[in-house]
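In: Coordinates for the following, if possible.
(2 chains)
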Amino acid sequence: GAGVSQTPSNKVTEKGKYVELRCDPISGHTALYWYRQSLGQGPEFLIYFQGTGAADDSGLPNDRFFAVRPEGSVSTLKIQRTERGDSAVYLCASSSQKGHTDTQYFGPGTRLTVL
Amino acid sequence: RKEVEQDPGPFNVPEGATVAFNCTYSNSASQSFFWYRQDCRKEPKLLMSVYSSGNEDGRFTAQLNRASQYISLLIRDSKLSDSATYLCVVIYNTDKLIFGTGTRLQVFP
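Out: Numbering: from 1, shown residues only, chains lettered A, B, ... in the order given. Next up is the predicted model:
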């Protein structure tokens, strides 16, 4: 079956611009997560959705970052006034239900480069 | 101090060798533990969960020591295809994964 998909696979933007990154979770998965991975580091948690609501957004670095999941399926991560330090791979993951033993399946990521 | 610490490596080993990776975590309330594998420019994929009793999956053995807050991964009879970054992962009382920086393994012929 289809896995988690993310678009675009690569995004190059200029400092100060607005970007949107999209995640399509595995069909039927109620939990969706966003992570950010900088070069040479492990992924860092950004935000977690259970259904339509953000259950935990403690990892969002500042108010330039915002994410939505209006229908409980596709999610969009939005970054305003991008900075060079936002350059990273943004990973989305989904799991079947709330529960920390449920496997999170990752998408291929969106590589964001801010010039 | 990072919540999950790993030696970044790289570990360069010949085919057939046995290699061990270690990981320490700082939060004693951690509840679940995993090893993920990440190939270059690819997404992380679950390799195995880690239990206090230790668990084995083919050539891979994972061990958890709660008292020392220490997790290990042993790979026996290394294959070229084992070359990747191995990420130690911990979950506290929420669902977010806390990753270490990863340990890079390179198996050579």
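
In: right, and residue A:68 touches residue A:75 too?
Out: Yes. Counting by Cβ atoms under 8 Å, residue A:75 is a contact partner of residue A:68 at 6.7 Å. Where C-beta positions appear, they are placed from N, C-alpha and C, glycine not excepted.

In: Between those two, tell me which one has more neighbours.
Out: Counting neighbours by other Cβ atoms under 10 Å in any protein chain shown for residue A:68 and for residue A:75 shows that residue A:75 has the greater number, 25 against 15.

In: what sits against the nearest residue to the more buried one once chain neighbours are set aside?
Out: Distance criterion Cβ to Cβ, 6 or more residues apart in numbering or on different chains; nearest residue to residue A:75, sequence neighbours excluded, is residue A:69 at 4.2 Å. Taking Cβ atoms under 8 Å, 6 or more residues apart in numbering or on different chains, we find residue A:69 in contact with A:32, A:49, A:51, A:52, A:53, A:54, A:75, A:76.

In: Looking at chain A, which residue is nearest chain B?
Out: In chain A, the residue found nearest to chain B is residue A:42; the distance is 3.1 Å by Cβ to the nearest Cβ.

In: so what's that residue up against?
Out: Residues in contact with residue A:42 (Cβ under 8 Å, 6+ apart) are B:4, B:87, B:99, B:100, B:101, B:102.

In: beta partners for the third one?
Out: By that I understand residue B:99. Beta-bridge partners recorded for residue B:99 (DSSP bridges): residue B:89.

In: Find the centremost residue of chain A, please.
Out: For chain A, residue A:34 is the residue whose C-alpha lies nearest the centre (Cα atoms, centre = their mean; 3.2 Å).

In: which residues in chain B form strands?
Out: Remark: strands assigned in chain B by DSSP state E are B:4-6, B:11-14, B:19-25, B:32-38, B:44-49, B:55-57, B:60-65, B:70-75, B:84-91, B:98-99, B:103-108.

In: Just the pLDDT at the nearest residue to residue B:42 once chain neighbours are set aside, thanks.
Out: Closest residue to residue B:42 apart from its sequence neighbours, by Cβ to Cβ, 6+ apart: residue A:108 at 7.0 Å. Residue A:108 carries a pLDDT score of 97 in this model.

In: What count of nearby residues applies to residue A:108?
Out: A count of nearby residues for residue A:108, using other Cβ under 10 Å, gives 17.
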